[in-house]
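> Structure for this input, please:
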Amino acid sequence: MMVAPATARPLPAWPVVGLLGGLALWWVTGALILAPTVAAFIMLVLMIRRGARWLPGMGPWICLFLWVLAAGSSLLTSASVLGYGLRLADVFDAAVIGLYVASARESLPRRTVVGALAATWLTMVGLGLLGQFFPEQRLTTPLGLVLPNSMQSNELIRDLASPQFTETQQPYGLEKPMHRTAAPFAYANSWGQAYAMLTPVAVAWVCMLRSWKTRALWVLFLLLSSIPALATSNRGMLVALGVTAAAATVRMILMGRLQLALGIISGAAAAGLAFVASGGLASITERLTYSSSTGDRLELYERTLDRVIQKPWLGHGSPELDPVVGVAFGTQGMVWLLLFCFGIPSLIFFAWFVIGLLVRGWRVNDVPGIWIYCSFIGMLTLFPFYALSGVPMIVFVIMGVVLLRDADAPKPRGSKYTGTVLSPGPTPRAHPVPAGPVERGLGSAGSQGASLPTAAAPPAPATRAPAPSKAKTSTALVTFALILTGAVVAFAASLLVGNTAGQGAAGLFFQVIAFFNIALVATTLGSDTGLVRAVSAAVATGRADQVPGLLRTALVPVAVASSLVAGALVLSAPWLDSLAPGMGLERSIVVSALLVPPGAIMTSLCGALRGLGRIRTFSVLQNLVLPLLRLAGVAMALVAGVSLLRLSMAWALPVALVAVLAALLVWNGTRIARREQAPADAQTQPGGVGQVMGRAPNGPVTEDITTTRGFWAFSSVRGVSALVETALEWIDVIFVGLFLGPLAAGAYGAVNRCVRLGSMLDQTARLVTGPLLSAAVARGRMAEAQLLYAATTRILVAAAWPFFLLLAVFAPVFLGFFGEGFAEASGPMSLISVAMMLVVSAGGVQSVLLMAGRSRWQLINKSAALLCAVAGCLTLIPLWGMWGAVTAWAVSVLVDAGLATTQAWVRLGFVPPFAALLRAGASSVVCVGLVGLGLRLSLGATLPALLLTVVLGGGAYAAVVWLRPGWFGMQAQIDAVRARLRGRGKDRVTDMGSTPR
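Numbers count the residues shown, from 1 in each chain. Predicted coordinates:
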């Protein structure tokens with residue numbers, strides 16, 4: 001809606017570009033405090049003369065300004081007028097400038113605005129780098145010379161009129177003062193807040209650039225920006241950036257931009273490792289050691305709430321000094337500033353504006369727009385701790401207006417903007433047709449399942465491995481990306497605990513995790529896999545009305561069993577604590593035990609989600625939401641103070657939150673399945689719906705899995721097997737803690753976390769190839785199943801061997817990331833890494849046993865492996881310490897893999913591809929292993945040697961894969977990449993960005 005005639009001249013771009021692009025000039029002259037208000041009045045005059053355009057979504061901010069204006073009536077003293085005036089000016093400036101950007105669409109297209117914001121970010125980074133060379137330099141500006149002393153008595157005005165490059169702090173007990181990056185702002189927290197807000201915008205700008213040279217230059221700027229960023233030692237900034245990256249990863253995955261998602265994950269992982277290796281984490285930890293800021297904040301928040309209750313509507317108008325804490329009320333976060341200064345309604349208007357941005361902005365589906373959108377998600381973590389003021393508030397509103405403009409822009413039906421990546425439309429969700437066990441399911445109890453063909457059913461000829469459909473390939477890639485994300489986030493949580501809490505606390509923490517995970521799996525009773533199979537069978541055969549009954553069948557026993565186990569753990573907590581006296585395990589065990597029932601229910605509900613065909617939803621919950629909640633909880637627990645009880649709560653409590661989400665999603669999925677119910681003839685479904693519902697192909701009639709008896713006959717076997725698997729994963733960590741103490745358990749637990757990071761490939765292989773193997777076996781296509789097994793094995797070896805070789809050669813470096821003292825377990829880590837290379841060489845043999853209905857064989861194998869692990873730990877740990885534990889671990893996994901490989905080869909006819917494995921393995925050893933060993937001998941076990949190995953050895957290995965993809969089972973994939981590279985040409989440059997609107 002136009003406020004002035006449409007014939008008025010367009011609004012010029014220079015007021016906005018000059019304000020943002022000239023940030024360095026305003027800072028040097030001391031005019032930074034005045035420039036936004038002057039620019040706002042200029043823009044207001046221009047809009048009055050030339051017209052303004054309303055933008056949906058700006059209403060809450062206008063309401064916020066009017067309420068702040070009204071709150072001035074609550075001022076009691078003249079001393080508070082200046083503080084109120086500054087904050088009123090901030091909200092007014094942001095409102096006017098936001099409306100101006102909304103109105104000047106022609107002269108300020110998105111490309112121009114994002115470029116100006118990127119220039120602001122570059123100015124911040126440049127001044128931050130200068131601050132590393134002149135940390136104590138304070139400028140004498142023209143404004144500072146003429147400003148009255150009465151105004152300079154205000155600390156904020158003084159720091160803006162006579163600025164310095166850094167904020168100098170020296171908490172009591174710290175030997176040297178800390179110089180935290182601040183310019184062009186007065187405080188380091190403001191710099192960190194603006195950096196967290198604008199770095200995604202800088203990434204969006206890189207995506208919009210057309211020249212690869214300019215892109216490369218900006219990537220260099222992004223790398224250099226980490227220097228002043230780390231110098232701020234700002235915890236909130238790091239958390240916000242992490243949340244932004246996680247949100248961007250999710251959006252890219254949902255859009256199908258899996259390459260970008262993997263790139264974000266890899267970049268975040270590299271940044272995290274660099275942060276730890278560069279001493280950034282140690283710097284923050286040192287500052288927290290001598291600073292009481294966290295405790296002061298918490299006390300101030302409590303006292304602020306008490307004062308808010310006194311004036312809940314219009315607030316106090318301006319911050320006031322708290323005589324107890326010594327910090328002003330309303331200065332420690334946007335939430336508290338609004339509540340204290342302007343009352344509860346102001347916070348409601350602000351939240352309304354932010355929620356509107358997030359809801360409306362979801363429509364923006366191009367890559368630059370997604371980065372801007374995700375920046376707001378990251379900023380949600382900052383509002384309780386940092387307040388928006390001055391330039392950061394203006395930048396915040398301008399970014400919001402850009403997002404609202406893009407969301408409001410009409411898109412031609414059936415067309416897309418050049419270079420803009422739109423989200424693909426929704427595709428019909430096909431419920432899985434259970435051809436034998438689906439996904440990770442087994443055959444039913446005993447050897448039920450997809451029976452192997454007999455002479456009466458000759459196998460269909462097959463000359464090549466089956467080609468998955470595009471939808472299955474997409475699901476596989478999404479699943480892998482999410483599993484990778486979950487593994488990286490879980491690894492980051494372990495790194496955080498190791499570096500911050502120390503080796504002993506980390507050891508106790510790993511033991512509590514072990515007990516919690518074992519209890520969780522034990523009380524799930526295999527119902528998750530049972531629900532996968534039963535729910536998918538019911539939906540596929542037109543019996544979706546049975547799903548609520550199946551949920552009751554599964555969840556009631558799980559709830560009862562988990563409650564009994566939780567009660568037993570609570571009662572036995574004192575006895576368990578006595579096994580490790582003085583460690584304070586009792587309260588942690590009690591808290592973890594109380595969260596076992598919701599955790600078991602969560603696991604079962606996730607199985608129901610998979611059965612309903614919502615594989616991506618399940619993957620997001622299990623591999624993204626849960627790990628991120630745990631990482632955030634662990635970070636907050638460590639900030640509040642190292643405590644085993646807090647860490648245990650941080651790890652266990654998220655399962656209750658995810659359980660609620662899973663319940664809502666299952667309810668919604670069930671409702672949709674019942675509404676879209678399409679009856680199908682179970683006996684005419686090719687490949688085994690009849691088997692799931694009562695008859696195995698070429699086999700005897702079996703129990704209907706949708707009945708209570710059939711459900712638990714199937715699930716109980718899987719439950720025992722899953723319990724044995726989980727015990728195998730954690731039993732050695734528990735024994736190390738019991739025999740050698742928490743310090744050794746911490747180091748050994750770090751080894752466990754590093755090695756388990758490599759298991760994500762096997763998990764992906766099970767999820768993706770399981771249904772394909774099951775279908776091939778059920779249809780009697782044994783040659784097809786064998787080729788699929790061989791291809792999976794080659795890919796697993798090609799991907800996992802380089803990783804385990806790096807772990808083996810550079811074990812001290814990887815363990816050093818966890819903190820001081822963890823490297824003592826480097827020898828055991830090298831040993832288990834070599835053992836895991838042999839285990840991976842067995843390929844997808846576990847899936848072969850499961851999908852062939854040989855679940856009892858697998859249970860026997862894993863029971864034998866568990867027996868070896870327990871006997872080995874009891875015998876060897878007292879003799880050899882951690883070497884004994886890792887020897888028992890290596891023997892157990894080799895026994896399991898050896899038995900499974902022998903059974904699949906001798907009894908089922910799945911022959912390992914020895915020649916292909918030899919070529920792939922030799923390539924890994926030569927390119928990665930020997931190069932890494934040579935660099936370690938010459939440079940030592942150092943981070944530079946590791947990075948050089950990744951670059952040189954990884955580059956050589958990638959060249960071999962590119963030139964000889966058939967050796968690694970990747971011929972089709974590499975051919976597809978080559979064809980894509982040949983076909984994309986110059987369009988590749990614009991694929992990530994968009995043209996100006």
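> what about residue 825, distance to residue 336?
45 Å (CB to CB, to the nearest Å). (Each C-beta comes from the backbone N, C-alpha and C, glycine too.)
> Compare neighbour counts for the two and give me the winner.
residue 825 (30 against 25; other CB atoms under 10 Å).
> Got the confidence number for the residue lying closest to the more buried one once chain neighbours are set aside?
Once flanking residues are discounted, residue 825 sits nearest to residue 747: 3.9 Å by CB to CB, 6 or more residues apart in numbering. We note a pLDDT of 84 for residue 747 in this prediction.
> CA atoms of stretch 555-568 as PDB?
Provided in PDB are the C-alpha atoms of stretch 555-568 (Å, rounded to 0.1, in the frame of the first residue of the first chain):
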ATOM      1  CA  LEU A 555       4.400 -48.900  24.400                       C
ATOM      2  CA  VAL A 556       2.600 -50.400  27.500                       C
ATOM      3  CA  PRO A 557       5.200 -53.200  28.100                       C
ATOM      4  CA  VAL A 558       8.000 -50.700  27.400                       C
ATOM      5  CA  ALA A 559       6.600 -48.200  29.900                       C
ATOM      6  CA  VAL A 560       6.200 -50.900  32.500                       C
ATOM      7  CA  ALA A 561       9.600 -52.400  32.000                       C
ATOM      8  CA  SER A 562      11.400 -49.100  31.900                       C
ATOM      9  CA  SER A 563       9.700 -47.900  35.000                       C
ATOM     10  CA  LEU A 564      10.700 -51.100  36.900                       C
ATOM     11  CA  VAL A 565      14.300 -50.700  35.700                       C
ATOM     12  CA  ALA A 566      14.300 -47.100  36.600                       C
ATOM     13  CA  GLY A 567      13.100 -47.900  40.100                       C
ATOM     14  CA  ALA A 568      15.700 -50.600  40.500                       C
END
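> Touching, residue 548 and residue 670? I think so.
Yes: under the criterion of CB atoms under 8 Å, residue 548 makes contact with residue 670 at 6.5 Å.
> Compare neighbour counts for those two and give me the winner.
residue 670 (20 against 13).
> Tell me how far that one lies from residue 300.
Residue 670 is 47 Å from residue 300, by CB to CB.
> Tell me the buried residues in stretch 50-63?
Under the neighbour-count criterion of 16 or more other CB atoms under 10 Å, stretch 50-63 has 50, 51, 52, 53, 55, 57, 58, 60, 61, 62, 63 buried.
> check contacts around the last one.
For residue 63, the contacting residues are 349, 352, taking CB atoms under 8 Å, 6 or more residues apart in numbering as the criterion.
> where's it, which helix or strand?
Per DSSP states H and E: residue 63 is located in helix 59-71.
> Report the backbone C-alpha coordinates of that helix in CSV.
As requested, the backbone C-alpha atoms of helix 59-71 are provided in CSV (Å, rounded to 0.1, in the frame of the first residue of the first chain):
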residue,chain,number,x,y,z
GLY,A,59,3.7,-3.9,12.3
PRO,A,60,5.1,-5.4,15.5
TRP,A,61,8.2,-3.2,15.3
ILE,A,62,6.1,-0.1,14.9
CYS,A,63,4.1,-1.2,17.9
LEU,A,64,7.3,-1.7,19.8
PHE,A,65,8.4,1.9,19.0
LEU,A,66,5.1,3.3,20.1
TRP,A,67,5.2,1.4,23.3
VAL,A,68,8.8,2.5,24.0
LEU,A,69,7.7,6.1,23.4
ALA,A,70,4.9,5.7,25.9
ALA,A,71,7.3,4.1,28.4
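> Which parts of the stretch 101-250 of the chain are strands?
166-169, 178-181 (DSSP state E, counting those that start in this stretch).
> Same list, those, but as TSV with mean pLDDT please.
Shown next, in TSV, are these (pLDDT from 0 to 100):
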stretch	mean pLDDT
strand 166-169	81
strand 178-181	84
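> Out of these, which is the most enclosed?
Stretch with highest mean neighbour count among the strands of the stretch 101-250 of the chain: strand 178-181 (a mean of 24; mean count of other CB atoms under 10 Å).
> Pull up the pairing partners for that strand, direction included.
Neighbouring strands of strand 178-181 in its sheet, by DSSP bridges, are strand 166-169 (antiparallel).
> how distant is the strand it pairs with from the center of its chain?
Put simply, strand 166-169 sits 32 Å off its chain's centre (CA atoms, centre = their mean, to the nearest Å).
> circling back: distance to residue 220 for the strands of the stretch 101-250 of the chain - can I get that in a markdown table?
Listed next are the strands of the stretch 101-250 of the chain as a markdown table, based on distance: least, CB to CB, whole Å:
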| stretch | distance to residue 220 |
| --- | --- |
| strand 166-169 | 23 |
| strand 178-181 | 19 |
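> Nearest spatial neighbour of residue 798, chain-adjacent residues omitted?
Nearest to residue 798 is residue 968, by CB to CB, 6+ apart, at 3.8 Å.
> Could you report the pLDDT at the one you found?
Residue 968 carries a pLDDT value of 76.
> Surely it is in contact with residue 794?
Yes: using CB under 8 Å, residue 968 is in contact with residue 794, at 5.6 Å.
> Just the helices from the stretch 501-650 of the chain, written as ranges.
In the stretch 501-650 of the chain, the helices defined using DSSP state H, counting those that start in this stretch lie at 503-524, 527-540, 547-579, 585-594, 596-611, 615-620, 626-640, 644-675.
> from those helices, which stretch is densest packed?
For the helices of the stretch 501-650 of the chain, the largest average neighbour count (mean count of other CB under 10 Å) is found in helix 527-540, namely a mean of 29.
> where in the stretch 451-600 of the chain is pLDDT low?
Residue ranges of the stretch 451-600 of the chain with pLDDT under 70: 451-481, 579-584.
> Give me the buried positions along stretch 815-829.
For stretch 815-829, by 16+ other CB under 10 Å, it's 815-819, 821-826, 828-829.
> Point out the least confident one among those.
residue 819 (74).
> ok, now which ones touch it?
By CB under 8 Å, 6+ apart, the neighbours of residue 819 are 498, 499, 502, 503, 506.
> Show the contacting residues for the first one.
I take that to be residue 498. Here residue 498 is in contact with 506, 746, 750, 817, 818, 819, 822 (CB under 8 Å, 6+ apart).
> returning to what we had before: tell me which of the helices of the stretch 501-650 of the chain lies nearest to residue 936.
helix 503-524 (23.8 Å; CB to CB).
> Now do the closest one against helix 547-579: the angle between them, please.
140 degrees (axes from the mean of the first three to the mean of the last three CA atoms, to 10 degrees).
> and helix 503-524, what does it pack onto?
Counting contacts by 3 or more CB pairs under 8 Å, 6 or more residues apart in numbering; DSSP states H and E, helix 503-524 is packed against helix 470-501, helix 547-579, helix 585-594, helix 596-611, helix 644-675, helix 708-740, helix 742-757.
> Figure out how far the last one is from the centre of its chain.
So that's helix 742-757. Chain-centre distance of helix 742-757: 22 Å, with CA atoms, centre = their mean.
> Can you give me the buried ones in it?
742-755, 757.
> ok, so of those, who is nearest residue 24?
Using CB to CB, residue 757 is the member of the buried residues of helix 742-757 that lies nearest residue 24, at 43.7 Å.
> just to revisit the earlier point, in contact with the residue nearest to residue 798: list those residues for me.
Residue 968 touches 794, 795, 797, 798, 916, 920, 923, 961, counting by CB under 8 Å, 6+ apart.
> picking up where we left off before, right, and the helices and strands packed on helix 503-524 - which one's nearest residue 264?
helix 470-501 (9.0 Å).
> Could you break this structure into its assigned domains?
Structural domains assigned to the chain are 56-132+169-232+292-408, 468-757, 762-970, following automatic domain parsing.
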